[in-house]
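# here is a sequence together with a model predicted from it:
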Amino acid sequence: MFKKFFSKIEQLLALSQSALSPKQFIFLSSVLVGISAAFAVIILKIFAHSVFTFATYVTIHTNFLKIGLLKIMLPVIGIMLTVFVVNRFLGGTIEKGTSQILYAVAKKASIIPKKQMYAQIMTSSLTVGLGGSAGLESPIVVTGAAFGSNYAQRYKLQYKDRTLLIGCGVAAGIAAAFNAPIAGVLFAIEVLLVDVSISAFTPIMIAAATGALVSAIALDESILLNFTSRQTFNYHNIPYYVFLGIFTGFVAVFYARNFQKTEHFFSHIRFSPYKKAFFGASILALLIFIFPTLFGEGYESIRTLSGSDPGELLENTLFRGLRNNNLALLVFVACSFMLKAFATGITLGSGGNGGNFAPSLFLGSYVGFFFSKLLNLTGLTNLPVGNFTMVGMAGILSGLFHAPLTAIFLIAEITGGYGLMIPLMIVASISFAISKRFEKHSLDVKNLAKKGHAFTSNKDANVLSTLDTNSIIQTDYLTITPDENLEKLVDLISHSNQVIFPVVSTDNRLLGIVHFNDIREIIFNPYRVKYTLIKEIMVQPIAIINPSNSMELVMDKFESSKKAFLPVISDDKYYGFISKSVALEAYRTKLKSMTIE
């Protein structure tokens with residue numbers, strides 16, 4: 001039945017592609033990709049919410065020991081099941097994080113494997129749905145991108161359109177997850193598609209609106225992260241928002257570094273996948289037993305913190321007897337956000353799947369609450385704790401993902417208005433500036449950026465990262481030996497259009513170079529031509545290129561040397577030359593092909 005249904009849909013789309021203009025077909029495609037991404041959100045969110053509701057029900061209706069047992073069992077089961085699914089059904093590996101989208105766009109012509117259309121849903125629902133301390137948004141984004149890429153491949157669309165539909169899937173995923181279409185559009189453009197024209201906004205906006213609409217229709221409002229109550233913004237509190245921006249910036253750096261250290265630690269543990277999963281999940285279970293707020297995405301605890309009775313956070317914990325003690329609550333909140341980096345690192349490092357989007361919101365709300373509540377307890381001021389709790393989310397999100405616009409508009413949308421726009425702008429921009437000062441790349445792309453594979457906010461670096469150095473090396477240059485005289489060189493000049501000549505030894509090692517401009521006066525003097533040896537006039541190259549060098553490094557060498565040609569050495573042997581003009585032409589061609597219109 002389903003097979004026939006989808007077959008008819010494909011037939012209709014094939015007819016539509018032939019009947020519609022390319023732009024019209026992209027608009028139609030953006031709607032379909034948006035719907036697909038929204039359904040992925042619906043599946044993940046309903047499953048995760050159902051598990052949390054079940055755990056909460058048991059928490060309320062059983063004694064504390066049983067509660068603790070359940071809370072520590074579910075994450076262990078979830079991570080172990082995730083490892084089983086990966087090894088049994090997904091070939092033993094699964095790519096995690098949005099960095100794989102950047103890599104696909106940069107190095108794989110926007111081709112994302114088909115398995116990513118279901119692999120992320122299967123694994124993240126088990127990990128996060130059963131209590132792993134991570135988020136569902138990153139798997140949602142990857143799934144949406146995979147829908148867009150494979151849809152484009154199915155209908156034989158070009159690179160630009162494949163990339164655009166990847167952006168549509170990403171925007172729809174974020175929009176559906178938060179019912180925040182503007183944030184979805186900004187995330188797709190600010191984080192993933194750094195170079196799009198104004199006309200490309202239209203299909204991305206259509207996809208985001210579609211995803212948000214489908215999500216709003218199908219999901220209960222209580223499942224999505226949203227807030228309805230907040231206090232009026234008071235401009236007298238601007239200095240405190242400035243300090244909150246500074247604070248969240250440093251906390252974002254703390255989270256990024258400790259999360260990566262934790263993941264790195266687990267990557268070097270030489271256990272079998274199941275032993276590593278059990279080891280990591282056991283540590284996570286202990287953390288969750290002591291701090292139940294680390295269970296799952298943590299969105300429910302964010303609502304509690306921003307509500308009228310934040311002390312409720314201590315209910316059903318080891319510290320429930322201190323729920324009315326403000327100092328105890330502050331210590332609990334501080335410990336929770338300090339441990340979140342390690343909890344998420346353990347979840348993902350031990351074999352679970354998820355992302356850092358939800359943890360960044362969790363961390364931000366806790367930091368904002370801690371900051372404002374602590375100042376209020378000193379008696380120096382009376383800050384609106386709910387506002388600072390929500391604005392803190394923008395600070396951490398901006399600092400971790402280097403996406404201030406996404407952070408600003410996401411929080412503005414989930415709070416139901418733009419009354420906090422000024423403090424959001426202040427906190428997000430300051431946090432971004434501080435994080436950028438200490439961490440050049442955002443959390444999700446740092447590892448890829450080290451390898452020269454990922455897109456960054458630097459447009460030139462983005463384009464250069466997609467170029468292959470080997471493709472522009474010219475290996476057909478005529479060579480000359482050092483003991484020959486200028487007559488030989490003059491003969492080579494007269495029978496070629498070369499202006500630079502490599503001087504090589506008998507075993508093809510580069511000894512120097514001779515540039516035509518440097519000997520122009522000599523070659524018109526017959527005596528000097530006859531009696532001058534090449535080794536007397538050759539010069540050492542200022543810079544040398546290796547075929548493994550990235551194009552960004554190659555262009556840096558051209559810039560620092562001020563030369564139009566640079567020699568290439570491979571395995572200590574002369575290999576060829578790279579011309580700056582050829583490199584720039586390759587850059588211009590790639591830039592034109594990558595610009596999404």
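Now that the structure is in, tell me what you want to look at.

# count of residues packed around Leu553?
Other residues near Leu553 number 14, with proximity taken as other C-beta atoms under 10 Å. Placement of C-beta: from N, CA and C, glycine included.

# pretty sure Gln116 sits against Gly144.
No: in this structure, Gln116 is not within contact of Gly144 by C-beta atoms under 8 Å, at 10.0 Å.

# more crowded one of the two?
Comparing Gln116 with Gly144 by other C-beta under 10 Å, the one with more neighbours is Gly144, at 38 against 24.

# report the secondary structure state of the closest residue to Ala433 other than its chain neighbours.
Sequence neighbours aside, Gly249 is the residue nearest to Ala433 in space, at 7.0 Å (criterion: C-beta to C-beta, 6 or more residues apart in numbering). When states are read from DSSP: H, G, I helix; E, B strand; the rest coil, the local structure at Gly249 comes out as helix.

# for Ile578, same thing?
Secondary structure for Ile578, judged by three-state DSSP, is strand.

# contact partners for it?
Residues touching Ile578, when contacts are defined by C-beta atoms under 8 Å, 6 or more residues apart in numbering, comprise Thr469, Ile472, Ile473, Gln474, Ile545, Val554, Phe565, Leu566, Val568.

# turn the residues you listed into JSON lines, including neighbour count, pLDDT and distance to Gly386.
As requested, those are exported to JSON lines (neighbours: other C-beta atoms under 10 Å; pLDDT from 0 to 100; distance: C-beta to C-beta, whole Å):
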{"residue": "Thr469", "neighbour count": "21", "pLDDT": "87", "distance to Gly386": "54"}
{"residue": "Ile472", "neighbour count": "19", "pLDDT": "91", "distance to Gly386": "57"}
{"residue": "Ile473", "neighbour count": "19", "pLDDT": "92", "distance to Gly386": "60"}
{"residue": "Gln474", "neighbour count": "14", "pLDDT": "90", "distance to Gly386": "64"}
{"residue": "Ile545", "neighbour count": "22", "pLDDT": "93", "distance to Gly386": "57"}
{"residue": "Val554", "neighbour count": "23", "pLDDT": "90", "distance to Gly386": "53"}
{"residue": "Phe565", "neighbour count": "21", "pLDDT": "91", "distance to Gly386": "63"}
{"residue": "Leu566", "neighbour count": "21", "pLDDT": "92", "distance to Gly386": "59"}
{"residue": "Val568", "neighbour count": "25", "pLDDT": "94", "distance to Gly386": "61"}
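
# can you list contacts of stretch 499-509?
For stretch 499-509, contacts defined as C-beta under 8 Å, 6+ apart pick out 477-482, 489, 492, 510-517, 534-535, 538, 565, 567, 572-574, 577.

# show me these that map onto strands.
Leu510, Leu511, Gly512, Ile513, Val514, His515, Phe565, Pro567, Lys573, Tyr574, Phe577 (DSSP state E).

# farthest-separated two in the residues you listed?
Largest separation among the ones in strands among the contacts of stretch 499-509 by C-beta to C-beta: His515 and Lys573, giving 21.1 Å.

# okay, those two: which has more neighbours?
Residue environment comparison for His515 versus Lys573 gives the larger neighbour count to His515, 17 against 13, counting by other C-beta under 10 Å.

# can you give me the pLDDT of the residue lying closest to Asn234 once chain neighbours are set aside?
Nearest residue to Asn234, sequence neighbours excluded (C-beta to C-beta, 6+ apart): Pro384, at 7.4 Å. Per-residue confidence (pLDDT) for Pro384: 91.

# and Pro384, its phi and psi?
Phi and psi for Pro384, reported as degrees, to the nearest 10, are phi -70, psi 100.

# how close does it get to Pro239?
Computed with C-beta to C-beta, to the nearest Å, the distance linking Pro384 and Pro239 is 14 Å.

# the two: which has the busier surroundings?
Taking neighbours as other C-beta under 10 Å, Pro384 and Pro239 compare with Pro384 leading, 20 against 10.

# these two touch, right, that one and Tyr240?
No: judged on C-beta under 8 Å, Pro384 makes no contact with Tyr240 at a distance of 9.9 Å.

# low-confidence ranges in this protein?
With pLDDT under 70 as the threshold, the chain has low-confidence stretches at 1-3, 5-6, 52, 55-70, 194-199, 222, 227-231, 417, 449-462, 593-597.

# about what we covered before: which residues do Pro384 and Tyr240 both contact?
Contact criterion C-beta under 8 Å, 6+ apart; residues shared by Pro384 and Tyr240: Ser372.

# got JSON lines for the contacts of Ile578, with distance to Leu186 too?
Output for the contacts of Ile578, formatted as JSON lines (distance: C-beta to C-beta, whole Å):
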{"residue": "Thr469", "distance to Leu186": "34"}
{"residue": "Ile472", "distance to Leu186": "35"}
{"residue": "Ile473", "distance to Leu186": "40"}
{"residue": "Gln474", "distance to Leu186": "43"}
{"residue": "Ile545", "distance to Leu186": "39"}
{"residue": "Val554", "distance to Leu186": "33"}
{"residue": "Phe565", "distance to Leu186": "43"}
{"residue": "Leu566", "distance to Leu186": "40"}
{"residue": "Val568", "distance to Leu186": "42"}
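
# this completes my enquiry, with thanks.
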